[in-house]
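Engineer: Pasting the sequence and the predicted model now:
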Amino acid sequence: MATAATALTGSVTAARPADRPTTVAASTEVAATAGSKRQMRGLWITTLDNIDWPDSPGLDADTLRADFVALLDGARAIGFNAVFVQVRPAADALWPSPFEPWSQWLTGTQGQDPGWDPLAFMVLAAHERGLAFHAWFNPFRVALQPDRSQLVATHPARRHPDWVVAYRDELYYNPGIPAVRAFVQQAIMDAVVRYDLDGVHFDDYFYPYPSEDEFPDDEAFAAYGRGFGDRAAWRRDNADRMVREMRDHVRAARPEAVYGISPFGVWRNDTTDPDGSATTALQSYDSLHSDTRGWVRKGWVDYIAPQLYWHIGFTVADYAVLAPWWARQTAGTDTQLWIGQSASRPGAPGRPAPWQDPAELSRHLTLNATLPAIGGDLFFSARTVGIDRIGAVRRLAADHWQRPALAPLLPRLALAAPPGPPLLTLAPDRTSLRITPSPHPGGPRPFQYAVYRYDSHPGPTPPLELPYLTALLPALATDHYLPANAAAGAAGTWYAVTAVDRSGRESHAGPPVAITAG
């Protein structure tokens, strides 16, 4: 993820800064408010340099598992419905990859087998809590230091030294070499094929952020320039090929997985291009060789999540300018727009006054609500969300996330059959509801149960509208629903339940059931 200095100069470092329950109780019965029933509420969990998880390298497996579960439980309690977990931070792996070494951020030693499969555990733990799991891959970064000899001896970057360049005191695979792109795709697709992922996610690091020196790809340009007279255009073509080819690979292997990218937040300034935004920041098109607007318009990504880590009123890159600009780029396309938000800036020392106000992030979501193209947000990152220095995350959740939200539904998946509706019955205590899978299953398996509450009988076809949605329960870990007001006179309250699959498709509801005691 891009850090603070990126907005002005691009001079940054690479993002350094039990048993399953059978009953889920709702903590609150929420009031009906305006908003969308579907919304991405995503949380980035960074493994690079032990930013979020693990806390430090070399922890034992039980501690690592407990810490990750705590992150998930904390995220769910706040209102997040998806996690974006960095599983390939630097040409390495958090799973037993046949192509790349184990990540040093796990054990402290690159290539050392931790003795268990973190990715398998993380996916299941997320799904048991009704959280979508998006695997986050960094395509071309190799190491946070410039010396290949410090890599494990079997590392592909040592076996293929011609693939690698040192730049800004770090190592990168050269995106201009076709064999590099093919290998990176192969390494990533190993995880996509083997694990039950809900999404495949890239961050902003295709070509690295610039410095005074030129990225050292003279030899690659001479060998693979393919007739491009303009090296910048050739670099953009290399990034384009990576984006488009990965889309094709992911859809072929896992058609319902969501594929998208979180790029730097400015495509081009309007002083450079009349179609650009009214900003004066670094430009991803020119400085990072990433035609982020083109990826949207060509349909190469299911979603774009531009990193708009700036406050409303920031002269260089105003959030109130960029959110509407991106909404215009995605409106009328099949590309979802989710906004990358910074949870690390509120209350951070040295940040300007707007970031010392706990309401700043909430104002971002208030603005988003006026732009129908915006389908949610991703927050960077888990540790600062947990710390929440001045309560900005809790404030936005209280203001905007009073009720749960189903995941956004991709247009290309909307017409497929939803799960069969679950069976809802009154439990023997007459204060709780029993939920069982459809007796006539059809379509995909349920991932969540959506609970709707009505003050009176809703009729034989209960309306499944936003004002009635009261809870989303993980289907893997739920067979009961206990309303929060069950012990305080809930008699006469009616409920209906639907099944929701991993793509967000929702069944119709079966017959409603009333609480008769309480």
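Structural biologist: That came through, no problem. Numbers count the residues shown, from 1 in each chain.
Engineer: Okay, helices next: where are they in the chain?
Structural biologist: With helices called from DSSP state H, the chain shows them at 61-78, 104-107, 118-128, 156-159, 178-194, 218-224, 231-253, 284-287, 292-297, 319-330, 360-368, 382-387, 392-400.
Engineer: Tell me which of the ones you listed lies nearest to Pro349.
Structural biologist: For Pro349, the closest of the helices of the chain is helix 382-387, at 13.0 Å, according to C-beta to C-beta. In this view, the C-beta of every residue, glycine as well, is placed from N, C-alpha and C.
Engineer: Give the buried residues for that closest one.
Structural biologist: Of all the residues in helix 382-387, those buried under the rule 16 or more other C-beta atoms under 10 Å are 382-386.
Engineer: Low-confidence regions, this structure specifically.
Structural biologist: The model of the chain has pLDDT under 70 over residues 1-35, 484-491, 518.
Engineer: Tabulate the helices of the chain in CSV, adding columns for distance to Pro349.
Structural biologist: Shown next, in CSV, are the helices of the chain (distance: least, C-beta to C-beta, whole Å):
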stretch, distance to Pro349
helix 61-78, 24
helix 104-107, 26
helix 118-128, 32
helix 156-159, 37
helix 178-194, 37
helix 218-224, 42
helix 231-253, 35
helix 284-287, 28
helix 292-297, 31
helix 319-330, 21
helix 360-368, 16
helix 382-387, 13
helix 392-400, 15
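Engineer: do you know which of these lies nearest Trp95?
Structural biologist: Checking these against Trp95 by C-beta to C-beta gives helix 118-128 as the closest, at 3.8 Å.
Engineer: Can you name every helix or strand that that closest one contacts?
Structural biologist: Judged by 3 or more C-beta pairs under 8 Å, 6 or more residues apart in numbering; DSSP states H and E, the packing partners of helix 118-128 are helix 61-78, strand 82-88, strand 132-137.
Engineer: now the angle from that helix to strand 132-137?
Structural biologist: 150 degrees (axes from the mean of the first three to the mean of the last three C-alpha atoms, to 10 degrees).
Engineer: So for helix 118-128, what gets flagged as buried?
Structural biologist: Buried, per 16+ other C-beta under 10 Å, within helix 118-128: 118-119, 121-123, 125-128.
Engineer: And stretch 416-428, by the same measure?
Structural biologist: Residues of stretch 416-428 classed as buried: 418-424, 426-427 (neighbour count, 16+ other C-beta under 10 Å).
Engineer: Same check on stretch 58-76?
Structural biologist: Buried residues in stretch 58-76 (16+ other C-beta under 10 Å): 59, 64-65, 68-69, 71-72, 75-76.
Engineer: before we move on, back to that, please identify which of the helices of the chain is closest to Arg445.
Structural biologist: helix 118-128 (10.7 Å).
Engineer: Only alpha carbons, please: show that closest one as PDB.
Structural biologist: Output in PDB follows, covering the C-alpha atoms of helix 118-128 (Å, rounded to 0.1, in the frame of the first residue of the first chain):
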ATOM      1  CA  PRO A 118      -1.300 -20.800   7.400                       C
ATOM      2  CA  LEU A 119      -3.300 -20.100   4.300                       C
ATOM      3  CA  ALA A 120      -5.600 -23.100   4.700                       C
ATOM      4  CA  PHE A 121      -6.200 -22.200   8.300                       C
ATOM      5  CA  MET A 122      -6.900 -18.500   7.500                       C
ATOM      6  CA  VAL A 123      -9.400 -19.200   4.800                       C
ATOM      7  CA  LEU A 124     -11.400 -21.600   7.000                       C
ATOM      8  CA  ALA A 125     -11.200 -19.300  10.000                       C
ATOM      9  CA  ALA A 126     -12.600 -16.400   7.900                       C
ATOM     10  CA  HIS A 127     -15.400 -18.500   6.400                       C
ATOM     11  CA  GLU A 128     -16.400 -19.800   9.800                       C
END
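Engineer: quick revisit: out of the buried residues of helix 118-128, the closest to Ile304 would be?
Structural biologist: Top of the list for closeness to Ile304, among the buried residues of helix 118-128 and by C-beta to C-beta, is Ala126 at 22.8 Å.
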